[in-house]
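In: sequence and predicted structure are below.
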Amino acid sequence: MTLFNLNTRWHLPIMMLLSIILLASCATAKKSPPPSTPLVASVPDTMATYSCGFELGDYSGTLPCFGNECDDFGAPITTLLFGTKHQMTKSLRREQQIIKNIPGKWLIREDCIIEINYQDGTQEYYKFHEGLNKIERLNSNQESFPGTLNKHNYLSKSI
């Protein structure tokens, strides 16, 4: 007696049961996808937020000149380019001609004072003014220059 010789009454339920078992085994044999590698978010240096709302970029203007920055033509246009990783360049130029590029490093303190250390060993101080979006050149004591020339000691942020 074989399975197919049985009464047809049992034949149909057995076939259905075997079909269900077969389908269930196929469904459970699927491989699960490999676990995804977790993403580690890192904040780029360019998005850094500095005290007092200071932003990286170019600050330009004509400052009163001191020492070897002046020549027969007067004060050059000074541009301070504050870059990432505290790198910066001071550029002195006349019209479209660059006179000098001086590389250096910068840092800003909580009191909005920016300290710049140039590769040639010189040092400068500036104060960031958030409401004006300008920086003011300070003297070696980290104070505003006295007198009427002080109103010319500001560099504006280029947009």
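Out: Arrived safely.
In: which parts of the chain are helices?
Out: Applying DSSP state H to the chain gives helices spanning 8-28.
In: with adjacent residues omitted, what lies nearest to Phe54?
Out: Phe128 (4.7 Å; Cβ to Cβ, 6 or more residues apart in numbering). Every C-beta, even on glycine, is put in place using the N, C-alpha and C of the backbone.
In: so what's the one you found bridging to?
Out: Ile135 (DSSP bridges).
In: mind checking how far it is from Tyr154?
Out: 11 Å (Cβ to Cβ, to the nearest Å).
In: overlap in contacts of these two?
Out: Counting by Cβ atoms under 8 Å, 6 or more residues apart in numbering, the shared contacts of Phe128 and Tyr154 are Lys134, Ile135.
In: more neighbours: these two, which one.
Out: Using other Cβ atoms under 10 Å as the criterion, Phe128 and Tyr154 rank with Phe128 on top: 22 against 18.
In: that one: what's it in contact with?
Out: Phe128 touches Cys52, Gly53, Phe54, Ile108, Cys112, Ile114, Lys134, Ile135, counting by Cβ under 8 Å, 6+ apart.
In: could I get those residues as JSON lines with distance to Ile98?
Out: Formatted as JSON lines, those follow (distance: Cβ to Cβ, whole Å):
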{"residue": "Cys52", "distance to Ile98": "30"}
{"residue": "Gly53", "distance to Ile98": "30"}
{"residue": "Phe54", "distance to Ile98": "25"}
{"residue": "Ile108", "distance to Ile98": "26"}
{"residue": "Cys112", "distance to Ile98": "29"}
{"residue": "Ile114", "distance to Ile98": "22"}
{"residue": "Lys134", "distance to Ile98": "23"}
{"residue": "Ile135", "distance to Ile98": "21"}
